[in-house]
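K.L.:
here you go, sequence then predicted model.
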Amino acid sequence: DEVRAFAREIVEKEIGKHAADGLGRVDYAVASGGAMVLKHSEAFLGTSRVSNWFTKGVRSDAVKMLQPSFGQPGECFPLKGNNGFVEIKLRTAIVPEAITLEHVSKSVAFDRSSAPKDCKILGWLHNGVDDTTEKKHLLTEFTYDLEKSNAQTFDVNPSVVVIDTIRLEFMSNHGSPTHTCIYRVRVHGHTHESNVS
Amino acid sequence: DEVRAFAREIVEKEIGKHAADGLGRVDYAVASGGAMVLKHSEAFLGTSRVSNWFTKGVRSDAVKMLQPSFGQPGECFPLKGNNGFVEIKLRTAIVPEAITLEHVSKSVAFDRSSAPKDCKILGWLHNGVDDTTEKKHLLTEFTYDLEKSNAQTFDVNPSVVVIDTIRLEFMSNHGSPTHTCIYRVRVHGHTHESNVS
Amino acid sequence: DEVRAFAREIVEKEIGKHAADGLGRVDYAVASGGAMVLKHSEAFLGTSRVSNWFTKGVRSDAVKMLQPSFGQPGECFPLKGNNGFVEIKLRTAIVPEAITLEHVSKSVAFDRSSAPKDCKILGWLHNGVDDTTEKKHLLTEFTYDLEKSNAQTFDVNPSVVVIDTIRLEFMSNHGSPTHTCIYRVRVHGHTHESNVS
Ligand SMILES: [K+]
Ligand SMILES: [K+]
Ligand SMILES: [K+]
């Protein structure tokens, strides 16, 4: 009976986390919360992809990087080549705590050579005037590891800088010479009003 | 080994329930089953929401109240103010057993002050002629509790009334003066043909 | 502590599988991976279904058979009568290993009489010229069992034939005289390049 209680407690906690967007952690970059893609390096146009519209150089399907993938291969945004970037306007200004980069799960992937590898995250407060006067802070550098869980969370260098925009730069991928797929980027943190979580 | 068997049995049961629409219980108000929103109090139009079309005073995104939210904040329908209502035509006539009201999970929510609080459910058989001659039955009154699980199920007063329409009225919310978000309403019960479940 | 470790290990494995498209197995028939419906027997047009467009005799919502259903009743494609077929072009040529046929979970279904029953899967390499010269291989015959798990996987007769197209034929269903619903068909296997999984 004690064993059953133990098991049930663990199961309920883990399923709760899974049901709560997989991680059970607030994401200030989620599209349904109002975040959006501001800019990205050149998109990869595979042979079979449907036509797609642009707004100010951002493709409409770039939003896939800010949405859940539900364990489906292909629910990503492909960028050309083995390096590139994406800039994301968050829902609101926050003190960042961590970044999650997600690729498709190994067990259902057709090919994981398109996963990003060496990455860097910059963050800043968008002044809406020009890019050049905005001070960009290095939040974290990391390597996406194909052997670990498909959603990998990296803590941000501790400081209390407030940001509302981030830039993910990937300097390499896991082998594809043609393209790199971004399944999802999440940004965790807290607003000034809320207490440190 | 016995412990492993125990644990596996619990895990499989709980994941099965999670995979079966979260509760593993038939929902006669689910949009994919043919239910629809008939009427709602005034919608809240936030600053960033995209334009949206109407049919007979029902906004097209009102259907979100009859669809899963998949752990995503914002996958709801916002009504103006801290009180209001929504009327839902069920898939078919049933003897109601319980109502589930769902809000976004605490762990991924930006703000839960927009959750409904004191609620009342009415049910009746829609005669398609006029509202005034339809006898409306009080099915249940409840308070949505922010400290409990995000999907909260309330039993209906036992009786064998047959209904095909319900009305959720919320008399208060958890603090937002501007709007109340309805993530999902489900209606459980059985048809005349099926045995009592 | 050992018990907790056991339980956690099982939970994490099972949730990982659930999060990875439910089965944690590559599906060469998934729409997001580039597979498509080539042909199907006559669609069932219920009274309440919205209008829908065709391309070469394939209805646009036939793609539902190649997409996840997320525990929702109605997320299927209904074919007329109690027998019929669907032909699916896979993402790429593979050596097939197994087929999964999925219906809605018992616990949330309104009615399961529309589930397919006796089925047969044929597979071949589409030469793009004419159907008549393509040698069709019988991959497996099976019965979809309403008492088992809602996603049922059947091994393919072992051989090393390479295919890129399959045909699901259902010869009976679980009782509905009017229609048969296909929730999802998956095709598992390996490409020539990959090792046998
Ligand atoms: K995605
Ligand atoms: K919803
Ligand atoms: K489906």
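P.N.:
Yep, that arrived. Ligands and ions are numbered 1, 2, ... in the order given.
K.L.:
report whether stretch A:4-19 contacts chain B.
P.N.:
Yes - applying Cβ under 8 Å from any Cβ of the partner chain, one finds stretch A:4-19 touching chain B at A:4, A:7-8, A:11-12, A:15-19. In short, each C-beta sits where N, CA and C put it, glycine included.
K.L.:
ok, of those residues, which come out buried?
P.N.:
Neighbour counting by 16 or more other Cβ atoms under 10 Å in any protein chain shown classes A:7-8, A:11, A:15-19 among these as buried.
K.L.:
where's the dip in pLDDT among those residues?
P.N.:
Confidence by pLDDT is poorest for A:Ala7 among these, given 82.
K.L.:
so that residue is in contact with B:Phe6, correct?
P.N.:
Yes - between A:Ala7 and B:Phe6 there is a contact under Cβ atoms under 8 Å: 6.0 Å.
K.L.:
ok, back up a step: from the residues of stretch A:4-19 next to chain B, pick the one nearest chain C.
P.N.:
Using Cβ to the nearest Cβ, A:Ala7 is the member of those that sits closest to chain C, with 4.3 Å.
K.L.:
and that closest one, how far from A:Lys13?
P.N.:
Here the distance between A:Ala7 and A:Lys13 works out to 11 Å (Cβ to Cβ, to the nearest Å).
K.L.:
same check, this time on A:Lys120
P.N.:
For A:Lys120 relative to A:Lys13 (Cβ to Cβ), the value is 33 Å.
K.L.:
now A:Arg167
P.N.:
On the measure of Cβ to Cβ, A:Arg167 and A:Lys13 end up 34 Å apart.
K.L.:
now swap in A:Lys39 and tell me
P.N.:
On the measure of Cβ to Cβ, A:Lys39 and A:Lys13 end up 39 Å apart.
K.L.:
so for those two, which residue has more residues nearby?
P.N.:
Legend: neighbour count by other Cβ atoms under 10 Å in any protein chain shown for A:Lys39 and A:Lys13, higher for A:Lys39 (16 against 13).
K.L.:
you'd agree that one is up against A:Gly57?
P.N.:
Yes - counting by Cβ under 8 Å, A:Lys39 touches A:Gly57, with 6.7 Å between them.
K.L.:
backbone phi and psi for the residue of chain A found nearest ligand 1, please?
P.N.:
In chain A, no residue comes nearer to ligand 1 than A:Ser69, which is 3.8 Å away by Cβ to the ion. Main-chain dihedrals, A:Ser69, degrees, to the nearest 10: phi -110, psi -10.
K.L.:
find the nearest non-adjacent residue to it, please.
P.N.:
A:Glu75 (3.9 Å; Cβ to Cβ, 6 or more residues apart in numbering or on different chains).
K.L.:
pLDDT weak spots in chain A?
P.N.:
A:47-53, A:128-133, A:194-197 (pLDDT under 70).
K.L.:
so how many other residues sit close to A:Glu75?
P.N.:
A:Glu75 has 19 nearby residues by other Cβ under 10 Å.
K.L.:
contacting residues around it?
P.N.:
A:64, A:67, A:69, A:104, A:183, C:32 (Cβ atoms under 8 Å, 6 or more residues apart in numbering or on different chains).
K.L.:
OK, contacts around the residue nearest to the second one when sequence neighbours are not counted?
P.N.:
What it means is A:Gln67. Nearest residue to A:Gln67 in three dimensions, chain neighbours excluded: A:Ala31, at 5.1 Å (Cβ to Cβ, 6+ apart). Contact analysis of A:Ala31 by Cβ under 8 Å, 6+ apart lists A:63, A:66-67.
K.L.:
from those, which single one is nearest B:Phe142?
P.N.:
A:Gln67 (32.6 Å; Cβ to Cβ).
K.L.:
re earlier: in JSON lines, list the contacts of A:Ala31 along with secondary structure.
P.N.:
Listed next are the contacts of A:Ala31 as JSON lines, based on DSSP: H, G, I helix; E, B strand; the rest coil:
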{"residue": "A:Val63", "secondary structure": "helix"}
{"residue": "A:Leu66", "secondary structure": "helix"}
{"residue": "A:Gln67", "secondary structure": "coil"}
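K.L.:
looking at those, which is nearest ligand 2?
P.N.:
Nearest member of the contacts of A:Ala31 to ligand 2, counting by Cβ to the ion, is A:Gln67, at 14.6 Å.
K.L.:
give me the neighbour count for the closest one.
P.N.:
18.
K.L.:
separation between it and C:Ser107?
P.N.:
Distance from A:Gln67 to C:Ser107, by Cβ to Cβ: 28 Å.
K.L.:
quick one, strands of chain A?
P.N.:
Shown for chain A, the strands assigned by DSSP state E span residues A:36-40, A:54-55, A:58-59, A:77-80, A:84-102, A:118-124, A:137-143, A:151-155, A:163-170, A:179-182, A:184-190.
K.L.:
which stretch among these comes nearest ligand 2?
P.N.:
Going by Cβ to the ion, the one of the strands of chain A nearest ligand 2 is strand A:84-102, 18.4 Å.
K.L.:
mind listing what's buried along that closest one?
P.N.:
So for strand A:84-102, counting by 16+ other Cβ under 10 Å, buried means A:84-91, A:94-102.
K.L.:
what does stretch A:164-174 give?
P.N.:
A:164-170, A:173-174.
K.L.:
please apply the same query to stretch A:137-151.
P.N.:
A:137, A:139-140, A:142, A:144, A:150-151.
K.L.:
what's the farthest-apart pair in those?
P.N.:
Pairwise across the buried residues of stretch A:137-151, and taking Cβ to Cβ, the largest span is found between A:His137 and A:Asn150, at 27.4 Å.
K.L.:
quick one on the thing from earlier: could you list which of the buried ones among the residues of stretch A:4-19 next to chain B belong to helices?
P.N.:
Among those, the ones falling in helices (DSSP state H) are A:7-8, A:11, A:15-19.
K.L.:
residue in chain A nearest to chain B?
P.N.:
Closest point on chain A to chain B, by Cβ to the nearest Cβ, is A:Ser32, at 3.5 Å.
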